[in-house]
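Enquirer: Any chance you could fold what I've pasted below:
(one chain, ligands or ions: 2)
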Amino acid sequence: MKTLHLSAEVSETAEIAANLIKNGELVAIPTETVYGLGANGLDEAAVAKIFEAKGRPQDNPLILHISCAEEMEKFCKDIPRAAYDLAEKFWPGPLTIVLPARDIVPRRTTGGLSTVAVRCPDNAVTREIIRLAGVPIAAPSANISGKPSTTTAQHVAHDHEGRIAAIVDGGPCRVGVESTIVDLTEDRPRLLRPGGIGPEQLREVLGDLVVDKAVTAQIDKDAVVKAPGMKYRHYAPAEPVVIVSGSRERAAEYIHAHFVPGDRVLCFQEELPLYGDCKPLAYGREADVNTLSAGLFAALRELDDPAIHKVYARCPEGGGVAYAVQNRLKKAAAFHIVDAEAEL
Ligand code: TXA
Ligand code: MG
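Expert: Numbering: from 1, shown residues only. Ligands and ions are numbered 1, 2, ... in the order given. Got it, this is the predicted structure:
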């Protein structure tokens, strides 16, 4: 198959992409978080192609992308007040809400669950594609399963060139980590995945928020979990990653003491001078956490090289999107963290 490369800046792009979606084809779409691998979310055969292209386990449900908050009612039922409050405050934006699904949503899309995840992305072209297609677009992150997510059209082409109908290039993703997922189907709102919207921001609207244990610890692959995607080892480069916490100086001492040829260091730009001889790769500036979230997956992709022996990674502190960066890095490291302050 020849993959069409469409620019978000060309006015015909939305219509071409929408027609492909209507015809049951796969189209990679830009969003503010990461690129998605999109298909008509109401068409089982189209959705099946997503699972095949990604090599994704069948029990891992997809997010339905909608063009405006009102569309939530077409695909979800028993919608609590809190969902409208969240939509009002954060949509379009990097928040996904899990709600009871209407029968119109195929079980193949929801991975067999009776609930469905919905999100209105903050990307004008993608919302226009959804609107013109007249159907919600089911889209996981466009990476091959188990690989770091795709934050540029080039990442998508690397994983899927020749195997999907089109890639819509909207430039690098602004947020760079996937959306925050909150489940509103139980008595208490539950954070299933941190993302662009921080837990503090959610609590301001919801009052209450339980953090699912899949967010803070490694989950056994046979465990029964709320977000099936959380139990798979995500975002993982080919080699072991170790997070080194502690002050800049202590972390550098620890890493220098343990570094052997073949290792790499993933750090903040401000730290580059400390690691001159350790092949450091900076993923953003510690002083601006948005640069870290935007750069993380591109860096993890660059480090996804079997020739690398081990990666020592530095992780930002704090809440907001830093909390999501911590979560993704900890998952890449399978929660392997050393405290340089205690070790030296
Ligand atoms: O930012 C994002 O959310 C990106 C862009 C493309 O929108 N999409 C994305 O999709 O990250 P994906 O498939 O890579 O991650 C979706 C996560 C998975 O962990 C899945 O298990 C969970 O959402 N999920 C989907 N539907 C669910 C449901 N009904 N209940 C619980 N978790 C659900
Ligand atoms: Mg994903």
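Enquirer: which parts of the protein sit against ligand 1?
Expert: Residues of the chain found near ligand 1 (Cβ under 6 Å from any ligand atom) are 31, 33-34, 36, 60-63, 96, 98, 110, 113, 115-117, 119, 121, 139-141, 178-179, 181, 192, 226-230. In short, each C-beta sits where N, CA and C put it, glycine included.
Enquirer: Helices - which of those land there?
Expert: Counting by DSSP state H, no part of the residues of the chain next to ligand 1 is found in helices.
Enquirer: any idea how far A117 is from R81?
Expert: Separation of R81 from A117 (Cβ to Cβ, to the nearest Å): 19 Å.
Enquirer: Neighbour count: these two, which is higher?
Expert: Comparing R81 with A117 by neighbour count (other Cβ atoms under 10 Å), the higher total belongs to A117, at 29 against 8.
Enquirer: shaky segments in this structure?
Expert: Scanning the chain with the threshold set as pLDDT under 70 gives 221-224, 227-237, 344.
Enquirer: show me where the stretch 201-344 of the chain has helices.
Expert: Taking DSSP state H, counting those that start in this stretch, the helices of the stretch 201-344 of the chain run over residues 213-216, 248-258, 289-302, 321-332, 340-343.
Enquirer: could I get the ones you listed as JSON lines with distance to L4?
Expert: Listed next are those as JSON lines, based on distance: least, Cβ to Cβ, whole Å:
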{"stretch": "helix 213-216", "distance to L4": "37"}
{"stretch": "helix 248-258", "distance to L4": "45"}
{"stretch": "helix 289-302", "distance to L4": "23"}
{"stretch": "helix 321-332", "distance to L4": "30"}
{"stretch": "helix 340-343", "distance to L4": "49"}
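Enquirer: Quick one, which of the ones you listed gets closest to V105.
Expert: Proximity to V105 (Cβ to Cβ) singles out helix 213-216 among the helices of the stretch 201-344 of the chain, at 23.0 Å.
Enquirer: Return the closest one as PDB; C-alpha atoms alone will do.
Expert: Taking Å, rounded to 0.1, in the frame of the first residue of the first chain, the C-alpha atoms of helix 213-216 are listed here in PDB:
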ATOM      1  CA  LYS A 213      -2.400   1.600  41.600                       C
ATOM      2  CA  ALA A 214      -1.400   1.000  38.000                       C
ATOM      3  CA  VAL A 215      -0.200   4.600  38.000                       C
ATOM      4  CA  THR A 216       2.300   4.200  40.800                       C
END
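Enquirer: so who does whatever residue of the stretch 51-200 of the chain ends up closest to ligand 1 touch?
Expert: Taking Cβ to the nearest ligand atom, ligand 1 has its nearest neighbour within the stretch 51-200 of the chain at P140, 2.9 Å off. By Cβ atoms under 8 Å, 6 or more residues apart in numbering, the contact set of P140 is 36-37, 50, 54, 56, 60, 62-63.
Enquirer: Name the nearest residue to S245, ignoring sequence neighbours.
Expert: Nearest non-adjacent residue to S245, counting by Cβ to Cβ, 6 or more residues apart in numbering: D339, 5.2 Å away.
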